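Student: Sequence isn't available, so here's the structure alone:
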């Protein structure tokens, strides 16, 4: 059985995902749970505290995804599986990307952590890039900071792909995750060597 704090987070996540943060208050969450707002305030003083707790759940989940995928000996497949798993994690916590700018403007703790995290993710990406180059799966860089800029493009796509789905399709589904995962996969293709392209054909649809 979940304790009250866990139930609050589960309920808040569902409400944030379905209604958007702007429409969800502590009172909304308490009403949905059938508890008093005072009971909820015992666990979370502010709505921002709930948002922070959910954000750090995302971080923990993605860290685990990366750690698990790095165990694979197929390094190109690892890149794809990490990308897909991260996007699926955000699908489960979709409010975060849909209200991304609002959260970053209003929550200094999350923003500070996110900025630091992106630097860490970039370092991990460049380390993986070097490994793929050493394995002759992607080509060596032609331009200065070429793979840094590739990471930046992936980051922008990762942060705002859900906004694109909502604007164009109105609703985010698991099919949306597949669609945009394939976009990321194909974005890597121009950097692959012939060896990498052959491997891509065998793992890109996994």
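Tutor: Yep, that arrived. All values derive from a computational prediction rather than experimental measurement.

Student: For the longest helix seen in the chain, buried residues please.
Tutor: With residue count as the measure and DSSP state H as the assignment, the chain has helix 108-134 as its longest helix. Residues of helix 108-134 classed as buried: 110, 114, 121-122, 125, 128-129, 132-133 (neighbour count, 16 or more other CB atoms under 10 Å). In short, each C-beta sits where N, CA and C put it, glycine included.

Student: which helices and strands does it pack with?
Tutor: Counting contacts by 3 or more CB pairs under 8 Å, 6 or more residues apart in numbering; DSSP states H and E, the secondary-structure elements packed against helix 108-134 are helix 47-69, helix 75-92, helix 100-106, helix 146-169.

Student: Compute the inter-axis angle for it and helix 75-92.
Tutor: Interaxial angle of helix 108-134 relative to helix 75-92 (axes from the mean of the first three to the mean of the last three CA atoms, to 10 degrees): 160 degrees.

Student: tell me the angle helix 108-134 makes with helix 47-69.
Tutor: For helix 108-134 and helix 47-69, the angle between their directions (the same axes, to 10 degrees) works out to 10 degrees.

Student: how far does helix 108-134 sit from the chain's center?
Tutor: Centroid displacement of helix 108-134 relative to its chain, using CA atoms, centre = their mean, to the nearest Å, is 13 Å.

Student: tell me the angle that helix makes with helix 146-169.
Tutor: Between the axis of helix 108-134 and that of helix 146-169 there is an angle of 120 degrees, by the same axes, to 10 degrees.

Student: Mind checking the pLDDT average for helix 108-134?
Tutor: Regarding helix 108-134, the rounded mean pLDDT is 95.

Student: got it, and stretch 69-82?
Tutor: 77.

Student: Could you do stretch 35-54 as well?
Tutor: The predicted confidence, averaged over stretch 35-54, sits at 95.

Student: ok, back up a step: out of the buried residues of helix 108-134, who's nearest residue 74?
Tutor: Minimum separation from residue 74 among the buried residues of helix 108-134 (CB to CB) is found for residue 132, which lies at 11.1 Å.

Student: So that closest one versus residue 81, what's the distance?
Tutor: As for residue 132, its distance to residue 81 is 14 Å (criterion: CB to CB, to the nearest Å).
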